[in-house]
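Chemist: whatever this is, show me its structure:
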Amino acid sequence: MDSIQQVVFANGLQPADVIVLRKKILGMVNHYAVFLGWGDDAFPVFAANYNSGTQFISRLELEKFLHELEPQKIERFIGSEIERQNAVRRGLSEIGKNDYDFFLNNCEHYKNFVQTGKKFSKQSEDAGKAILVASLIVVLFRIFR
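Modeler: Model (predicted):
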């Protein structure tokens, strides 16, 4: 059994569960990998939305993620088995879309869409608020100096 399969079994992952990952050094932003089930080759299928769009994460990429990123927690899908199947269908429906945007459609948007049917990102909202506050401080500084 390889390390990725071990992660799935050790954490009791079910389809539509999410692994929250963070850079091991100076990790500021979480990355989300959605577990969609098992492939034909009995290998775990994960997907994410990142720079190149929403796609399945290859074995090589998964190994790289586990080397560079540290699993922080598991976000369990909450719902019935039928709702879980619908969540996986939502996840699969996004595969191949090349519409990544840090603020409008990132990996957290994808994770939330799979799990809830709604695209939103707390990280993006927080970053947007920080930019707004910083801009306001700059404007006020220029007005009152």
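Chemist: output stretch 87-99 as PDB, nothing but the C-alphas.
Modeler: Extracted in PDB, the C-alpha atoms of stretch 87-99 (Å, rounded to 0.1, in the frame of the first residue of the first chain):
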ATOM      1  CA  ALA A  87     -21.700  15.900  -3.900                       C
ATOM      2  CA  VAL A  88     -19.300  13.600  -5.900                       C
ATOM      3  CA  ARG A  89     -21.300  14.400  -9.100                       C
ATOM      4  CA  ARG A  90     -20.900  18.100  -8.400                       C
ATOM      5  CA  GLY A  91     -17.200  17.500  -8.000                       C
ATOM      6  CA  LEU A  92     -16.900  15.600 -11.200                       C
ATOM      7  CA  SER A  93     -19.000  18.200 -13.100                       C
ATOM      8  CA  GLU A  94     -16.200  20.800 -12.600                       C
ATOM      9  CA  ILE A  95     -13.400  18.600 -13.900                       C
ATOM     10  CA  GLY A  96     -11.700  20.200 -17.000                       C
ATOM     11  CA  LYS A  97     -13.000  23.700 -16.300                       C
ATOM     12  CA  ASN A  98     -10.100  26.100 -16.700                       C
ATOM     13  CA  ASP A  99     -11.500  29.000 -14.700                       C
END
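Chemist: can you give me the buried ones in it?
Modeler: Ala87, Val88, Arg90, Gly91, Leu92, Glu94 (16 or more other Cβ atoms under 10 Å). No exception for glycine: its C-beta is placed from N, CA and C like everyone else's.
Chemist: could you do stretch 43-60 as well?
Modeler: In stretch 43-60, counting by 16+ other Cβ under 10 Å, buried: Pro44, Val45, Phe46, Ala47, Ala48, Asn49, Tyr50, Gly53, Thr54, Gln55, Ile57.
Chemist: tabulate those residues (TSV), appending distance to Asp2, pLDDT and secondary structure.
Modeler: Output for the buried residues of stretch 43-60, formatted as TSV (distance: Cβ to Cβ, whole Å; pLDDT from 0 to 100; DSSP: H, G, I helix; E, B strand; the rest coil):
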residue	distance to Asp2	pLDDT	secondary structure
Pro44	10	95	strand
Val45	14	96	strand
Phe46	13	96	strand
Ala47	19	97	strand
Ala48	19	94	strand
Asn49	24	93	strand
Tyr50	22	85	strand
Gly53	26	94	strand
Thr54	24	96	strand
Gln55	20	96	strand
Ile57	14	93	coil
